[in-house]
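# after the sequence you'll find the predicted model.
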Amino acid sequence: MRLYRRAHPDGNPRQLTSEAPGTPYGLDRGASTLGLVGRLRRLELSPTTFRWLSWAALLSLFLIITSGAVVRLTASGLGCDNWPRCGNTPFPEQNFHAVVEFSNRALGLIPICLSLLLWLGARRTPGLSRAVIWLTFAIFIGTIAQAPLGGLTVLLDLNPLLVMSHFLLAMLVLGAAVVVAVEAWSNERGRSRTFVPPFVQYASAIVALAALAAVVTGAFVTAAGPHSGGSDIERLGSPLTAIWVHVRATAVFGIAFLCVLGYLVFYRRRYWVLLGTATTVLALVLAQVAVGEIQYRTQLPWGLVLAHVTLAAATWSASVLLALLLFRPPLPVATPSRETAARPAAATEPASREVGTVS
């Protein structure tokens, strides 16, 4: 870089500057700023780093569902009687319900920040489709929307429809985060072509949809039950009607899941990773059924209901994961047959380039 001498505008002696003669004073500073912006725009995130970021966001979204359930089941929903402050002070008083409610609000900042980083990181990660980038943006919007929705829920004295919407939005965002995590894995390691019959794929889609239906009907059961999130809160409908629908949604889930599980057990040596995922779903479902039966017969103690909600979130996430692995399997999931192994170039898509990336 050449240096030039020129007089400073305030009359100081001539000094060295990087500006060419005739260049307006301070233009070099603006050029440096533009250069920094240009370097930031060229910054790329490695697929491995984005995968870890997607997992962190997924975990935070799962934890906030559990903490929200604690608020409701301990009747702490109105522990802070206004929003965003907690009473007359920004921080809670020495009260159990206020501490529980305010802790959930503070914990909610973590998924908001991670979902924002997830969206920004997706824009800087090579190999991701525009659909995945838009999905990360939807996750961020859905996560940050929980704050005003939660505030509105408090201001309207825990209206059951708003409480239920608060929970269901969190579950939808959680399912979207599972999709992004699987896509991040595929972007890092490559993607295999589909290797199961269409009927297995369709059955896995029914499993995911039935799991969502079970979550929605379960939310209606809770909205009609005794755990309203506070004292003297109106309930929504009859628990018996909600349970009737919930049981039938669970039956559809079970039939479709047994079709998928039976196929994977028959071909267990070829699809051992998928069988492990399906076995995890089965374990979660059995635990969910056991906890649901026990809580129903023991007058719904809040600790068991919390376990039931946590298992519901885990079952929903695992069901989405199973369907994605069957429709869009990442390369590590597929164990190729002899015919597929003989033609690796045709069987798989190449992994994303990581040249010039930063971890």
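The structure has been received and is ready for your questions. The model shown is predicted, which means the values in this text are computed figures rather than measured ones. Numbering: from 1, shown residues only.
# do I have it right that residue 190 meets residue 333?
No. The criterion here is C-beta atoms under 8 Å, and residue 190 misses it with residue 333 at 10.7 Å. C-beta here means a position set from N, CA and C on the backbone, and glycine is covered the same way.
# of these two, who's got more company?
The neighbour comparison of residue 190 against residue 333 (other C-beta atoms under 10 Å) goes to residue 333, with 23 against 17.
# show me what contacts that one?
For residue 333, the contacting residues are 192, 273-274, 325, by C-beta atoms under 8 Å, 6 or more residues apart in numbering.
# ok, residue 179 next?
When contacts are counted by C-beta under 8 Å, 6+ apart, residue 179 touches 132, 135, 320, 324.
# ok, the first one - contacts?
By that I understand residue 132. Contacts of residue 132 by C-beta under 8 Å, 6+ apart are 122, 179-180, 183.
# for the stretch 251-359 of the chain, which spans come out with low pLDDT?
Where the stretch 251-359 of the chain drops to pLDDT under 70, the residues are 334-359.
# scratch that, the stretch 51-200 of the chain
Using pLDDT under 70, the stretch 51-200 of the chain drops low at 81-84, 87, 89-91, 93-94.
# where do the helices sit along this protein?
Using DSSP state H, the helices found in the chain span residues 27-42, 47-73, 96-107, 109-123, 130-144, 146-155, 160-189, 198-224, 239-266, 272-297, 302-327, 338-342, 344-347.
# which residues make contact with stretch 107-125 from outside it?
Under C-beta under 8 Å, 6+ apart, the answer for stretch 107-125 is 43-47, 49-50, 53-54, 56-57, 60-61, 63-64, 67, 128, 132-133, 136-137, 139-140, 143-144, 146-147, 150, 173, 180, 184, 187.
# with only the CA atoms kept, save that stretch in CSV.
Taking C-alpha atoms only, stretch 107-125 is exported to CSV below (Å, rounded to 0.1, in the frame of the first residue of the first chain):
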residue,chain,number,x,y,z
LEU,A,107,-34.5,-19.9,30.4
GLY,A,108,-36.5,-18.9,27.3
LEU,A,109,-33.7,-16.5,26.3
ILE,A,110,-31.4,-19.5,25.5
PRO,A,111,-33.5,-21.1,22.7
ILE,A,112,-34.2,-17.6,21.3
CYS,A,113,-30.5,-16.9,21.0
LEU,A,114,-29.7,-20.3,19.7
SER,A,115,-32.5,-20.2,17.1
LEU,A,116,-31.2,-16.8,15.9
LEU,A,117,-27.7,-18.2,15.6
LEU,A,118,-29.2,-21.3,13.8
TRP,A,119,-30.8,-19.1,11.2
LEU,A,120,-27.8,-16.9,10.7
GLY,A,121,-25.5,-19.9,10.5
ALA,A,122,-27.7,-21.6,7.9
ARG,A,123,-27.2,-18.6,5.7
ARG,A,124,-23.5,-19.0,5.9
THR,A,125,-23.3,-22.8,5.6
